[in-house]
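>>> Predicted structure and sequence below. I'll ask about it afterward.
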Amino acid sequence: MIPKRPHVLFVMADQHLASCLGVEGHPQVKTPHLDRLAREGVRFTSAYTQNPICTPSRVSLLSGQYPHNHGYYGLAGPAPARLPHFLGHFRDNGYRTAAIGKLHLPDTPRNWIADEVDFFGECYRSVDGVPGEGLYYQELAPLGLRAIEDSRILPELGHGTHDARPSQMPYEHCVEQWCAAHAERFMAAAVAEGRSFCLEVSLPRPHHQLTPDRRFWDLYPEDLEAPPTRDHDPSHRPPHFREMYEDFRSTEWLYEPRTFDAGTRRAWRGYLACISQVDDAVGRLLRFLDQTGLAENTIVVYGADHGGYHGHLGIVEKAPGICSEAVCRVPFIWRAPGTTRAGTVCDQLVENVDLAPTLAALAGLPPMETADGADLTPLLTGTDRPLRTLAVTENPWSKAIRWNGWRYVHYQPELFGGEDYGELYDLDQDPDERHNLYRSPDHREVVAAGQRLLLDWLIKTSRPVTVHPTIGDRTLGDHHYRTAGDGRESNLAGVPQRIRRGLVNYL
């Protein structure tokens with residue numbers, strides 16, 4: 001097993017399509033360092049995000065809670081008042097902790113995690129949420145580089161674009177290298193103090209802006225083929241997807257040639273080049289661990305907050321979100337010395353909420369009682385038995401589940417003026433999701449099974465604040481707890497241990 005008090009390095013990319021890895025067999029992308037990490041550890045092929053949008057997904061990653069429990073579904077909002085996260089949990093147990101990069105967390109009136117880490121290094125925003133005043137920008141200003149920084153917006157426009165071009169920034173000062181440099185300094189300082197470290201390095205790319213360094217732009221040819229699903233007919237999709245499909249075709253491209261074909265090829269080139277730039281930053285961090293001797297006692301995890309489209313299925317952005325594998329499935333690679341076996345590929349369903357409880361378990365810390373996720377240690381050690389029957393990505397009025405080769409998407413009818421829309425895909429036979437089987441008479445039982453699974457999951461995973469666990473006047477099982485209010489005994493047998501521990505605090 002992992003030696004006592006292992007270090008933890010969690011590297012997260014923003015909007016990385018899980019299929020865009022060399023080890024996934026992608027014919028175009030170049031990711032030598034992530035491929036190396038996968039060869040040295042465990043790569044999960046069926047890992048899923050809990051939300052298709054940055055902020056709620058990141059709240060789930062850090063807290064280990066599903067969105068319907070932590071309540072965040074949008075890009076802004078007040079910071080959670082009392083929501084634990086794994087960085088705070090590790091700090092409470094003696095670790096030095098840091099959060100570095102594009103953190104993109106609730107920050108009104110102050111960033112959620114800022115006061116619960118030893119080093120807070122948000123690159124783009126101040127601790128109280130002011131855009132353009134992050135630590136990265138502050139450090140660029142005296143170098144005279146602030147005016148040409150182009151990873152968040154294009155300075156020549158004053159806003160963003162879906163088009164792509166090489167960056168104007170010197171590579172040593174790009175945001176990925178800035179993140180890696182601060183991470184290295186933090187890890188070195190913690191070790192010098194004789195402390196174990198746990199840090200998140202949140203790299204802003206390959207999310208827009210698609211402005212990679214020239215060295216990565218030139219890795220890909222100008223005539224690079226666009227995603228093969230770019231022109232697939234979307235008529236089987238719900239209305240909001242079809243609208244996005246048409247919107248993509250009306251994009252105003254900035255650079256020549258400004259045709260749809262040339263623009264989408266250019267954007268795809270920029271996206272893959274940004275992935276290669278992220279890969280290079282990961283390589284730098286892995287070299288640092290090797291050169292300092294820390295690799296033998298550091299858990300390294302690479303993941304993403306969500307996937308994206310970037311031309312897949314004819315959509316440019318991640319909205320409308322939960323419809324497809326392109327957004328819901330994420331890369332998830334673990335290397336845990338003494339635990340993982342090199343080159344393991346695990347096809348079992350896992351979720352981003354599993355990150356926090358698994359890290360706590362591997363480090364030998366007390367469990368995070370507030371986390372909904374599972375401890376993946378059995379899968380990391382080579383056991384090939386399922387830990388869950390389904391994986392869920394959710395929005396408030398729409399939710400998608402992945403189980404047994406199926407993808408089912410539920411939409412509340414009110415989203416579409418009362419009309420009944422849904423999606424069902426047999427991903428084993430139809431990986432590109434071209435045939436929506438939701439209305440197929442031959443698949444009514446599969447749709448019904450998906451609906452039952454989703455309802456069952458939602459009931460079982462919801463976190464009540466208070467509850468009266470009796471069913472009428474009956475009690476079930478042998479274990480009884482006395483309620484605080486009326487003196488009667490209430491039965492908690494059969495209630496999941498996660499909820500039971502919370503209930504005892506109220507009884």
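Good, I have the coordinates.
>>> Quick one: low-confidence residue ranges for this structure.
Where the chain drops to pLDDT under 70, the residues are 1-3, 467-507.
>>> ok, longest helix in it?
Ordering each helix of the chain by length in residues (DSSP state H) puts helix 260-292 first.
>>> list the buried ones in that one?
260, 262-286, 288-289 (16 or more other CB atoms under 10 Å). C-betas here are computed from N, CA, C, even on glycine.
>>> Repeat that for stretch 344-361.
Buried residues in stretch 344-361 (16+ other CB under 10 Å): 344, 346, 348-361.
>>> Tell me the one of the residues you listed nearest residue 450?
residue 349 (14.4 Å; CB to CB).
>>> For stretch 169-186, which outside residues touch it?
9, 96, 98, 100-102, 119, 121, 123, 136, 139-140, 143, 145, 148-151, 167, 197, 199, 201-205, 213, 215, 277-278, 280-281, 284-285, 288 (CB atoms under 8 Å, 6 or more residues apart in numbering).
>>> Any of these buried? List them.
9, 96, 98, 100-102, 119, 121, 123, 136, 139-140, 145, 149-151, 167, 197, 199, 201-205, 213, 277-278, 280-281, 284-285, 288.
>>> Okay, and which of the residues you listed map to strands?
9, 96, 98, 100-101, 119, 121, 197, 199, 201-205 (DSSP state E).
>>> now those residues as CSV including distance to residue 56?
CSV is the format used below for these (distance: CB to CB, whole Å):
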residue, distance to residue 56
9, 24
96, 28
98, 22
100, 21
101, 18
119, 24
121, 22
197, 27
199, 22
201, 20
202, 15
203, 19
204, 18
205, 20
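>>> ok, the residues you listed vs residue 296, which is closest?
residue 9 (13.1 Å).
>>> Pairing partners for that closest one in the sheet, please.
Beta bridges link residue 9 to residue 199, residue 300, judged by DSSP bridges.
>>> how near is it to residue 186?
Remark: distance between residue 9 and residue 186 (CB to CB, to the nearest Å) = 10 Å.
>>> ok, now residue 227?
37 Å.
>>> got it, and residue 137?
Distance, residue 137 to residue 186, by CB to CB: 19 Å.
>>> before we move on, what about residue 258?
44 Å.
>>> Of those two, which one has the most company?
residue 186 (20 against 13; other CB atoms under 10 Å).
>>> Am I right that that one sits in a helix?
Yes - counting by DSSP: H, G, I helix; E, B strand; the rest coil, residue 186 is located in a helix.
>>> and it, how far is that from residue 302?
For residue 186, the distance to residue 302 - CB to CB - is 18 Å.
>>> repeat for residue 413
Taking CB to CB, one finds residue 413 at 39 Å from residue 302.
>>> ok, those two, which is more surrounded?
Using other CB under 10 Å, the more surrounded residue of residue 413 and residue 302 is residue 302, with 29 against 12.
>>> got a list of what the residue lying closest to the more buried one once chain neighbours are set aside touches?
In space, not counting the residues next to it along the chain, residue 302 is nearest to residue 333; the distance is 4.5 Å by CB to CB, 6 or more residues apart in numbering. Counting by CB under 8 Å, 6+ apart, residue 333 touches 34, 37-38, 41-44, 301-303.
>>> Show me the beta-bridge partners of residue 333.
If you apply DSSP bridges, the partners that residue 333 bridges to are residue 43, residue 302.
>>> do you know how far it is from residue 48?
15 Å.
>>> rewinding a little: give me the common contacts of residue 9 and residue 186.
Joint contacts of residue 9 and residue 186 (CB under 8 Å, 6+ apart) are 197, 199.
>>> Now the nearest residue to residue 289 once chain neighbours are set aside, what are its backbone angles?
Closest residue to residue 289 in three dimensions, ignoring its sequence neighbours and counting by CB to CB, 6+ apart: residue 295, at 4.0 Å. Residue 295 has phi and psi values of phi -60, psi -30 when expressed as degrees, to the nearest 10.
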